[in-house]
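> turn this into a structure:
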Amino acid sequence: MNTIAIGQGSIQRTWTPDIIVRILQTPPEAILIGIPNTVRGVLYTMSSPDFRPQYVKPLEFCAIGSGQGSTAQIRAYADWIIFGVPGNDLVESSGLRDAMSQFVASNGIDDVGGHFPCVKIDRRGIGCLGSSQKFPQSEISLYYNPEKMRWIQENRSAGKAVVLRYPWEIDPVKMKDEIRFNDWRDAVEDFNPARTRKKISRSDTRD
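Numbering: from 1, shown residues only. You can find the predicted model right below:
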């Protein structure tokens, strides 16, 4: 929020989100500031070997496991993720997905393509946030089927669908076919060539 307030956000805008203006107008002596219509929970992470809970401050974020390196990319997109009305699932999930997609593409991480499932936890419970995007040549969607208890990726224009597996169902030894779903990424790059995957070379990472 500070970067937005001083005009150093990741996107240039001629306005400041109302939620930030209201927070900046609070008395300087205020320590705890409530943000209406947002989650009132707490976030902790744990890691081996001692698995001690690590507290994450409000309006901060974290990553676990192999996603640790993505925090820099998420921070670069942070003001896009929170720039609107708190609780806007579409904006928040789109910003987070795009940050993760750019992290994977920039760092040359081997993946199976597709879009990233998002799960939101709030006072209403657990929500599976899907997405659907229309491009000039195709319509790509990701949604959760509660009856099958599965995430499904579709290229509706091509009549192509891929059902996602859970990690514990994947056995690299038994898998003979390599199934990828690059339709979403291909559509993004075709629509906007500036978003073409750019991998970081070893010489770049030394800096």
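> quick one: the helices in this structure?
Using DSSP state H, the helices assigned to the chain run over residues 2-5, 18-24, 71-82, 89-106, 183-191, 202-205.
> let's have the ones you listed in TSV, adding mean pLDDT, distance to P58 and mean neighbour count.
Glycine gets a C-beta too; all of them are placed from N, C-alpha and C. Shown next, in TSV, are the helices of the chain (pLDDT from 0 to 100; distance: least, Cβ to Cβ, whole Å; neighbours: other Cβ atoms under 10 Å):
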stretch	mean pLDDT	distance to P58	mean neighbour count
helix 2-5	69	14	14
helix 18-24	75	11	14
helix 71-82	76	12	18
helix 89-106	81	15	18
helix 183-191	80	32	18
helix 202-205	38	32	8
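> now render the ones you listed as CSV, adding distance to Y44.
Shown next, in CSV, are these (distance: least, Cβ to Cβ, whole Å):
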stretch, distance to Y44
helix 2-5, 24
helix 18-24, 24
helix 71-82, 16
helix 89-106, 19
helix 183-191, 32
helix 202-205, 31
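> straight-line length of stretch 96-115, end to end?
End-to-end distance of stretch 96-115: 11 Å, with Cα to Cα, to the nearest Å as the criterion.
> go on, stretch 99-118?
Stretch 99-118 end-to-end distance (Cα to Cα) = 13 Å.
> out of the helices of the chain, which is closest to S138?
helix 183-191 (5.3 Å; Cβ to Cβ).
> now the angle between helix 89-106 and that closest one, please.
If you take axes from the mean of the first three to the mean of the last three Cα atoms, to 10 degrees, helix 183-191 sits at 80 degrees to helix 89-106.
> and helix 183-191, how far from the chain's centre?
17 Å (Cα atoms, centre = their mean, to the nearest Å).
> neighbouring contacts of that helix?
101, 105, 113-115, 133, 135-138, 140, 142, 153, 155, 158, 160, 195-197 (Cβ atoms under 8 Å, 6 or more residues apart in numbering).
> re the thing from before, so which of the helices of the chain gets nearest M149?
Nearest of the helices of the chain (Cβ to Cβ): helix 89-106, 19.9 Å.
> for that closest one, name the packing helices and strands.
helix 71-82, strand 118-122, strand 125-129, strand 131-134 (3 or more Cβ pairs under 8 Å, 6 or more residues apart in numbering; DSSP states H and E).
> quick check: angle from that helix to strand 125-129?
60 degrees.
> domain parsing for this structure?
Taking automatic domain parsing as the reference, the chain has its domains at 1-110, 113-199.
> could you tell me the least trusted of the ones you listed?
When these are ranked by mean pLDDT, domain 1-110 comes last with a mean of 77.
> I'd say G69 and V104 touch.
No: under the criterion of Cβ atoms under 8 Å, G69 makes no contact with V104, lying 10.3 Å away.
> contacts only, for the nearest residue to Y44 once chain neighbours are set aside.
Once flanking residues are discounted, Y44 sits nearest to P53: 4.2 Å by Cβ to Cβ, 6 or more residues apart in numbering. Going by Cβ under 8 Å, 6+ apart, P53 touches Y44, T45, M46.
> same list (these) but as TSV, adding distance to F61 and neighbour count.
Formatted as TSV, the contacts of P53 follow (distance: Cβ to Cβ, whole Å; neighbours: other Cβ atoms under 10 Å):
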residue	distance to F61	neighbour count
Y44	13	10
T45	11	13
M46	16	10
